[in-house]
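Novice: Provided below are the primary sequence and the corresponding predicted coordinates.
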Amino acid sequence: QPKRKAAFGSVGRRIPYRILHLINQDGESLGNMHRAEALKLMDQHGLKLVLLRENAEPPVYRLMTGQQIHEEQLKRAEKKKASPKPGTYIKELSFSSAIAKNDLETKTKQIAEWIEKKYHVKVTIRQAK
């Protein structure tokens, strides 16, 4: 069974790394430390340890409050929604502001077909001379 990438969230006490780089809840670096020290800090301040960058050497963890974790999850969800999904087609159409009525109707029908097919449509109107 392949190892699944954990979603952003609370890591708790399951830290596979002995040495880690720690950042406090204000974003200040606390430097490299042993996981036992990091867990002790986590308990003292009532915070949670969150993995930020696993492929860094040593891995980067951050102490966060529950509210900070929630806000970060919302931010990441918004970013994921904004990025185009693989397999999504973007159709672009541009025409002049002096377009003939018949041409405009034809292009409007084309846009309607693309929208029906769930394509993203980008329309650019150039100003006529």
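Specialist: Arrived safely.
Novice: in the protein, which spans are strands?
Specialist: For the chain, applying DSSP state E gives strands covering 19-23, 29-34, 48-53, 60-64, 90-96, 120-126.
Novice: winner for burial among those strands?
Specialist: By mean neighbour count, with neighbours taken as mean count of other CB atoms under 10 Å, strand 60-64 ranks first of the strands of the chain at a mean of 22. For glycine as for every other residue, the C-beta is placed from the backbone atoms N, C-alpha and C.
Novice: what's the angle between that one and strand 19-23?
Specialist: Between the direction of strand 60-64 and that of strand 19-23, the angle (axes from the mean of the first three to the mean of the last three CA atoms, to 10 degrees) works out to 40 degrees.
Novice: What is strand 60-64 packed up against?
Specialist: When contacts are defined as 3 or more CB pairs under 8 Å, 6 or more residues apart in numbering; DSSP states H and E, strand 60-64 packs onto strand 19-23, helix 35-45, strand 48-53.
Novice: Is it possible to get CSV of these that adds distance to residue 76 and mean pLDDT?
Specialist: Output for these, formatted as CSV (distance: least, CB to CB, whole Å; pLDDT from 0 to 100):
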stretch, distance to residue 76, mean pLDDT
strand 19-23, 17, 89
helix 35-45, 22, 87
strand 48-53, 12, 84
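Novice: Let me have the ones you listed in CSV, adding distance to residue 116 as columns.
Specialist: Supplementary listing: the helices and strands packed on strand 60-64 in CSV, determined by distance: least, CB to CB, whole Å:
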stretch, distance to residue 116
strand 19-23, 48
helix 35-45, 52
strand 48-53, 42
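Novice: I'd like to know which of these is closest to residue 68.
Specialist: Nearest to residue 68, of all the helices and strands packed on strand 60-64, is strand 48-53, at 8.5 Å by CB to CB.
Novice: List the contacts of residue 110.
Specialist: residue 93 (CB atoms under 8 Å, 6 or more residues apart in numbering).
Novice: What's the separation between it and residue 17?
Specialist: 55 Å (CB to CB, to the nearest Å).
Novice: I'm done for today, thanks for sticking with me.
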